[in-house]
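J.: got a structure for you, letters missing:
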């Protein structure tokens, strides 16, 4: 009989092994899925696990996808550790793109290069403001932040649609719902000639270092952590739960907004209704697969990017639906949550249940 | 040949990864016997009882009930064998009512209303007042325990296991409980009574098995033993003695002036016109039946409850009514809460990280945390207060209750507070650790600190305090010098029978009292 037994202390081995087990299970289930769909499983796996990393160009594409995922997931890791359930990073990302786009639209080919900084700051402000709505409603009226932040995603999508279908529509755009293509100086500097990878990745890696320091070395971060782990202890210590709420939401909103700004003025170069592609939601998975740890998030963001690119390749080369990406992402989170059981429990085979019974002499 | 024993354990062993909790333990309990299991924290009493209750499986050994060998694979089977257990750490769902909690554990197909009725009946029968409709989160520790005991009794058990049942009961409640237990025993129920309170065991129990370090060190008739002889069996040494020196009183340190706070939950207790003056160099004990406003008073004094009106609370003349706990700490007011895990310490963080809850020394400029300093501080506390822990990196959760309490009390004492407020300083703590904590508190008082102890253990208050007050239904009694106080009088006050408190008393009264106490 298979039995779960509580470990005396949570296993640190399985904290690290659990994501690997989850990945292996995801691959195994993926293989089954390919077979069931009548596709060559080897080719399928190749699409997801080899094609996306086989060349510098491929790595550059991974970096482009990983940048917003890392930035957003970093903010979410702070939120989740502080027990603030910000599910609306997608909305904060959109607002970041809108704010950045608003500035970028006004730029001309003669604008100074420094306008990039203004654009990125505008993106941060946009994301923060959107997250601040959630924080305010939670703080002032105790509104549930999960619902508020999630619903604000759809509001943000509407705001974006209104702008690109309405006042911001490119007059020369053949009536397509899109803004003008941003002028050259607004373009986020690229890292290597010929590759789309831009400085956003460097910013994201700095953010990783910054978040690591904040979470584990700064008193403010520790306060947020304690507030999430043991609210009564935080109250006892006198750590402000309001402070933690605002810090977490503003930080994660700002980072999501920055991701939106980088995306709008990086790979996209204009605003369309298709700015949101689900990075804000995928980053939730990234944050958890990365164990809410900044460094872990880098690896899980790379993995998630591989799924994105693999899904696109599977669509174009194997005629698989693009939603296969979502299936893989979902599988990974699902198997991870299952594998996490092993952190707190261990599996025991029980040949005979219960205590061994020796003959009792009455 | 007489009837087979009700319960017989033979050569039980249980190895945990770090420690051998039970080593070849044998135990025989007769029908209708109240059998004490005596031992310090960590002696293996709780593990042994969990084995009997099926919550833990032994590696070796056998169990027989009424002469029949049995395998108890889980608590459900234990219940089928007529075994009920009241755990030291309560297994109640906070969000459910008392009745719903009891209802969940039953599989008799009764309705919730029927269960509520039975709870009321059983509670009345055994003098354990429980309101079935109250949600558990609003109950004090003592009240939760009553729910657990009533839940155990509802099954009409053959064997009832009680793990440290009196830790939070008043003398009267302990008396009532003993009457209950004797009544149960006379009806033929066997009772396994886990405790480290020697007086209680000698008074109540028919037989006593003493454990130390996972092994049985003695099987005695407690009525024939002295506290000293039992203590020697239990800790292998004589019990430490407290030296209580004469108080040298200083000025008023902490003063509550007509402190009135509405409860923040429907089942909370309103604090009504509480005035008290705590002076440097004294220990003031606050007695009371659990659930009479202690939690509310402590939250108001510690700053966790921020709804005080300006002027209600002063510290060395500074108005701190609106100050946060952190601010109060910088002014010299430290607090040890009743709950250790989750409030006094973060369970899943290291002891080093837990120093940061109340200590700021490792926090440098710009909020930079000196990790090494947190470990150094934690190590110093472990050393100074003799905390048994796997180093400064050990999670708070991994410590036993007594050791975590030593760590938390030590963390506050080591901060050299000017005022220290302690709730239930030795709840569930073994004799050695309790004596050590009390000694530390007295040493702090001798060094000129003002100490306020809120406890539901009267013995402890009489041992520690220079003055006593009683809180009942959110009102505070006048204070009385401990040497003039009697258990009877305090017991009456605990029932709410004191005149003051109906009229709002002034700070002057409180001051006069302080002088009176000093005189």
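T.: Now that the structure is in, tell me what you want to look at. Keep in mind it's a predicted model, so treat the numbers as computed, not measured.

J.: where do the strands sit along the stretch 101-250 of chain B?
T.: Along the stretch 101-250 of chain B, counting by DSSP state E, counting those that start in this stretch, strands occupy B:159-163, B:190-195, B:207-212, B:215-220.

J.: list the buried residues for the last one?
T.: It refers to strand B:215-220. Residues of strand B:215-220 classed as buried by neighbour count (16 or more other C-beta atoms under 10 Å in any protein chain shown): B:216, B:217, B:218, B:220. Glycine gets a C-beta too; all of them are placed from N, C-alpha and C.

J.: what is the neighbour count of whatever residue of the stretch 151-300 of chain A ends up closest to chain B?
T.: With C-beta to the nearest C-beta as the measure, the residue in the stretch 151-300 of chain A that lies nearest chain B is residue A:238; the distance is 3.1 Å. Neighbour count of residue A:238, defined by other C-beta atoms under 10 Å in any protein chain shown: 21.

J.: which pLDDT value goes with it?
T.: Looking at residue A:238, its pLDDT reads 93.

J.: how much space between it and residue B:67?
T.: Using C-beta to C-beta, to the nearest Å, we find residue A:238 at a distance of 59 Å from residue B:67.

J.: show me what the residue lying closest to residue B:333 once chain neighbours are set aside is bridged to.
T.: Residue nearest to residue B:333 in three dimensions, not counting chain neighbours: residue B:419, with 4.6 Å by C-beta to C-beta, 6 or more residues apart in numbering or on different chains. Applying DSSP bridges to residue B:419 yields these beta-bridge partners: residue B:333, residue B:450.

J.: residues in contact with residue B:419?
T.: Applying C-beta atoms under 8 Å, 6 or more residues apart in numbering or on different chains to residue B:419 gives the contacts B:253, B:254, B:278, B:315, B:332, B:333, B:334, B:449, B:450, B:451, B:452.

J.: make it 6 Å
T.: The neighbours of residue B:419, taking C-beta atoms under 6 Å, 6 or more residues apart in numbering or on different chains as the test, are B:253, B:254, B:333, B:450.

J.: same question for residue A:17.
T.: If a contact means C-beta under 6 Å, 6+ apart, then residue A:17 has no contacts.

J.: now do 10 Å
T.: For residue A:17, the contact set (C-beta atoms under 10 Å, 6 or more residues apart in numbering or on different chains) comprises A:11, A:339, A:342, A:343.

J.: and those, which are buried?
T.: The neighbour-count test (16+ other C-beta under 10 Å) marks A:11, A:339, A:342, A:343 as buried among those.

J.: so among the contacts of residue A:17, where is pLDDT lowest?
T.: Between these, the one the model trusts least by pLDDT is residue A:11, at 78.

J.: leaving aside the residues next to it on the chain, what's closest to that residue?
T.: Once flanking residues are discounted, residue A:11 sits nearest to residue A:343: 5.6 Å by C-beta to C-beta, 6+ apart.

J.: what's the domain layout of chain A?
T.: Domains of chain A are assigned by automatic domain parsing as A:1-39+A:320-348, A:43-308.

J.: so which of those is nearest residue B:132?
T.: Ranking the domains of chain A by proximity to residue B:132 (C-beta to C-beta) places domain A:43-308 first, at 25.8 Å.

J.: next one: the closest one to chain centre, how far?
T.: On the basis of C-alpha atoms, centre = their mean, to the nearest Å, domain A:43-308 is displaced by 8 Å from the centre of the chain it belongs to.

J.: what of stretch B:8-24?
T.: 27 Å.

J.: can you give me the end-to-end span of that stretch?
T.: The first and last residues of stretch B:8-24 sit 13 Å apart, counting by C-alpha to C-alpha, to the nearest Å.

J.: pLDDT of that stretch, averaged?
T.: Per-region confidence: stretch B:8-24 scores 84 on mean pLDDT.

J.: quick one: that stretch near chain A?
T.: Yes: interface with chain A: stretch B:8-24 contributes B:8, B:9, B:10, B:11, B:12, B:14, B:16, B:17, B:18, B:19 (C-beta under 10 Å from any C-beta of the partner chain).

J.: so which of those is the most crowded?
T.: The most neighbours of any of those, using other C-beta under 10 Å, belong to residue B:12, which has 25 neighbours.

J.: so that one is in which element?
T.: Using DSSP states H and E, residue B:12 sits within strand B:7-15.

J.: adjacent strands (with direction) for the helix or strand following that strand?
T.: Taking DSSP H and E as the definition, the helix or strand that follows strand B:7-15 towards the C-terminus is strand B:20-29. Strand partners for strand B:20-29, identified by DSSP bridges, are recorded as strand B:7-15 (antiparallel).

J.: what angle sits between the strand it pairs with and strand B:159-163?
T.: Orientation of strand B:7-15 against strand B:159-163 (axes from the mean of the first three to the mean of the last three C-alpha atoms, to 10 degrees) gives an angle of 40 degrees.

J.: close to chain A: what parts of the stretch 1-150 of chain B are there?
T.: Looking at chain A, the residues of the stretch 1-150 of chain B close enough under C-beta under 10 Å from any C-beta are B:1, B:3-5, B:8-12, B:14, B:16-19, B:51, B:54, B:56-74, B:77.

J.: please redo it, this time with the cut-off set to 7 Å
T.: Selection of the stretch 1-150 of chain B residues close to chain A by C-beta under 7 Å from any C-beta of the partner chain yields B:4, B:8, B:10, B:16-18, B:57-58, B:61-64, B:67, B:69, B:71-73.

J.: what residues does the strand holding residue B:12 touch?
T.: Taking C-beta atoms under 7 Å, 6 or more residues apart in numbering or on different chains as the criterion, the residues outside strand B:7-15 that touch it are A:360, B:21-29, B:47-48, B:51, B:56, B:58-65, B:159, B:190.

J.: and with 8 Å instead?
T.: Under the contact criterion C-beta under 8 Å, 6+ apart, strand B:7-15 has outside partners A:358, A:360, B:20-29, B:44, B:47-48, B:51-52, B:56, B:58-65, B:67, B:159, B:190, B:192.

J.: so for stretch B:444-453, what gets flagged as buried?
T.: In stretch B:444-453, residues buried by neighbour count (16+ other C-beta under 10 Å) are B:444, B:445, B:449, B:450, B:451, B:452, B:453.
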